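Engineer: predicted model and sequence follow; I will ask about them next.
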Amino acid sequence: MTQDLSRNTNRFIAFSVFFTARAYYPVLAILFLDLGLTLDQFVFLNLIWALTIFLFEVPSGALADTFGRKRLLVAASVLMVIEMLCLLLAPTNGGALLLALCVINRICSGLSEACASGADEALAYDSLPQENRASAWDKLLAQVMRWRSAGFVVAMIIGGVLYDADTINAILPDSFHMSDETAHRLPVALVLIQALVCVVISLRMQEPEHSNAGSTVAHAVKLVVSTARWVFTTPVTLVVILIGVALDSIVRNFATITSSYYRLIELPAWTYGFLGAAMGLFGWFVPGIAKRLNARFSMLTNLALIAVMTLISLAALVPAWPIYGAIPTLLLMSMIGFLTFTVSRVLHEQADSSRRATVLSVKGLVFNLGYGLFSLGFSALLASFPDSPEGASLRNALLWQIPFFIAVTTALLCLAFFKLRARANG
């Protein structure tokens, strides 16, 4: 009996939006601080979250390929529910109990991200008809990236509004006014509803047939080893991952310090959320452009184009023009979408169905490791410059990361050119 997988694509889009566009994102840091944690404790929690993803990223992909992608997506959704319940139940200024619940929250968050990473795309890709599957994936990937961007815009705006008790109380009648503590839980409550929606969507997905179904844990371990070897010995996948991580790490690092840069270019704090929403809106158009460029030009040409546009954006950030410095920020952030589309397209074309989720998890592990190492290097660069006058260290760090970026990307692009040419000649 032939499986009806046609509805998996729409379910994949809906799952991706509800899972990723979370209403607490614009207030994530201050949410934990307002619960009563110190900044040091918040940094410690983020370290736990990053380590959890790092440890389980690749194993979760192998488990998805071995025992089924749907099971991993259901697990990711249930973990997301637990993650939100921990924050809703955490007592404000609750001492050890507060910290314990927040630790559980970060571990569940990391596990949830690891379980969903790769499994969702692998299930959706294998649900497409085999005829013209690559072209259909380009269309679906562009579509899901647009809807994620739209979801991000809505989440940024709603999350910021719900967190502010004054704004909520200005709308509500006097008898329904709420405290700051209650308002601070509203974005979390909304994300809990999103998590429950993800549970329903994942349960309704259909598992496509793949050759590893019914295998053992021992097979999953072997799959991790063989897939990692395949990724780094296949010229195309090696090239797209090495160049991809070089581009991704520098852009994602800047994404984490955008608020500091906005302060440097004299933007008022109230504009930060709107700029985040603008980035999401801008991201609506990026997938369509990326789809056309990838259809017209080779993988290496597109990666070189992303590198050039990234370099232009990085150079334009250095002068830190008051207010207008936001323009290169938007351009730089759009490169994440372009890169995501290109890397995903290439890896899906190259990977067998039997190891698709594992390949994507290997990519995720390498990208997260690269981002972490670059962030450490950038932090050291910041610390090496005096911050007098105010913002001088950030200006200098932005300037000195440019020659590093040029050297690394030029070397990798040259290596890629010769690797791919040798493969074509061989």
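Structural biologist: Sure, I can see it. Residues are numbered from 1 along each chain as shown.

Engineer: I figured Thr256 hits Phe374, correct?
Structural biologist: No: using Cβ atoms under 8 Å, Thr256 is not in contact with Phe374, being 10.6 Å away. Backbone N, C-alpha and C define where each C-beta goes, glycine included.

Engineer: more neighbours, those two?
Structural biologist: In this view Thr256 and Phe374 are compared by other Cβ atoms under 10 Å, and Phe374 has more residues nearby, 22 against 11.

Engineer: who's in contact with the lowest-mean-pLDDT helix or strand in the chain?
Structural biologist: Least confident helix or strand of the chain, by mean pLDDT, DSSP states H and E, is helix 272-282 with a mean of 76. Residues from elsewhere that reach helix 272-282 (Cβ atoms under 8 Å, 6 or more residues apart in numbering): 26, 149-153, 156-157, 160, 258-259, 262, 267, 326, 329-330, 333-334.

Engineer: chain center to the helix or strand following that helix, what's the gap?
Structural biologist: Using DSSP states H and E, the helix or strand that follows helix 272-282 in sequence is helix 286-296. Centroid separation for helix 286-296 versus its chain: 20 Å, with Cα atoms, centre = their mean, to the nearest Å.

Engineer: okay, stretch 348-361 in PDB with CA atoms only?
Structural biologist: Presented in PDB, the C-alpha positions along stretch 348-361 are these (Å, rounded to 0.1, in the frame of the first residue of the first chain):
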ATOM      1  CA  HIS A 348      20.000  17.200   0.600                       C
ATOM      2  CA  GLU A 349      21.100  16.600  -3.000                       C
ATOM      3  CA  GLN A 350      24.200  14.700  -1.900                       C
ATOM      4  CA  ALA A 351      22.900  12.700   1.100                       C
ATOM      5  CA  ASP A 352      21.200   9.300   0.800                       C
ATOM      6  CA  SER A 353      17.800   8.900   2.500                       C
ATOM      7  CA  SER A 354      19.300   6.400   4.900                       C
ATOM      8  CA  ARG A 355      21.600   9.000   6.500                       C
ATOM      9  CA  ARG A 356      19.900  12.300   5.700                       C
ATOM     10  CA  ALA A 357      19.100  13.400   9.300                       C
ATOM     11  CA  THR A 358      22.600  12.400  10.400                       C
ATOM     12  CA  VAL A 359      24.300  14.500   7.700                       C
ATOM     13  CA  LEU A 360      22.200  17.500   8.800                       C
ATOM     14  CA  SER A 361      23.200  16.900  12.400                       C
END
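
Engineer: now that stretch: buried residues?
Structural biologist: His348, Gln350, Ala351, Ser353, Ser354, Arg355, Arg356, Ala357, Thr358, Val359, Leu360, Ser361 (16 or more other Cβ atoms under 10 Å).

Engineer: stretch 394-411 too?
Structural biologist: For stretch 394-411, by 16+ other Cβ under 10 Å, it's Leu394, Arg395, Asn396, Ala397, Leu398, Leu399, Gln401, Phe405, Val408, Thr409.

Engineer: so what does whichever helix in the chain runs longest touch, helix or strand wise?
Structural biologist: Longest helix in the chain, counting residues (DSSP state H): helix 392-425. With contacts taken as 3 or more Cβ pairs under 8 Å, 6 or more residues apart in numbering; DSSP states H and E, helix 392-425 sits against helix 235-256, helix 258-264, helix 299-317, helix 356-383.

Engineer: mind checking which of these is nearest Lys139?
Structural biologist: Lys139 lies closest to helix 299-317 among the helices and strands packed on helix 392-425, at 17.2 Å (Cβ to Cβ).

Engineer: now do the closest one and helix 235-256, the angle between them.
Structural biologist: Inter-element angle recorded for helix 299-317 and helix 235-256: 20 degrees (by axes from the mean of the first three to the mean of the last three Cα atoms, to 10 degrees).

Engineer: mean confidence for helix 299-317?
Structural biologist: Averaged across helix 299-317, the pLDDT comes to 96.

Engineer: same for it, what does it pack against?
Structural biologist: Going by 3+ Cβ pairs under 8 Å, 6+ apart, helix 299-317 lies up against helix 235-256, helix 286-296, helix 326-350, helix 392-425.

Engineer: as JSON lines, those helices with mean pLDDT and distance to Gln206 would be great.
Structural biologist: Shown next, in JSON lines, are these (pLDDT from 0 to 100; distance: least, Cβ to Cβ, whole Å):
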{"stretch": "helix 235-256", "mean pLDDT": "91", "distance to Gln206": "28"}
{"stretch": "helix 286-296", "mean pLDDT": "91", "distance to Gln206": "25"}
{"stretch": "helix 326-350", "mean pLDDT": "91", "distance to Gln206": "19"}
{"stretch": "helix 392-425", "mean pLDDT": "89", "distance to Gln206": "37"}
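
Engineer: nearest to Ala64, of those?
Structural biologist: When these are compared (using Cβ to Cβ), the closest one is helix 326-350, at 14.6 Å.

Engineer: quick one: the closest one to chain centroid distance?
Structural biologist: 11 Å.

Engineer: show me which parts of that helix are buried, residue by residue.
Structural biologist: Using 16+ other Cβ under 10 Å as the test for burial, helix 326-350 gives 326, 328-329, 331-348, 350.

Engineer: from Asn169, how far out is the residue lying farthest from the centre of the chain?
Structural biologist: Relative to the C-alpha centroid of the chain, counting by Cα atoms, centre = their mean, Ser175 is the outermost residue, at 40.9 Å. Look at Ser175 and Asn169: by Cβ to Cβ, to the nearest Å, they are 11 Å apart.

Engineer: and Val231, by the same measure?
Structural biologist: On the measure of Cβ to Cβ, Val231 and Asn169 end up 53 Å apart.

Engineer: okay, these two: which has more neighbours?
Structural biologist: Ranked by neighbour count (other Cβ under 10 Å), Val231 and Asn169 place Val231 first, with 21 against 16.

Engineer: for PyMOL, write a command that selects the buried ones of the contacts of helix 272-282.
Structural biologist: A single PyMOL command selects the buried members of the contacts of helix 272-282 (16+ other Cβ under 10 Å):
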select buried, resi 26+149+150+151+152+153+156+157+160+258+262+267+326+329+333+334
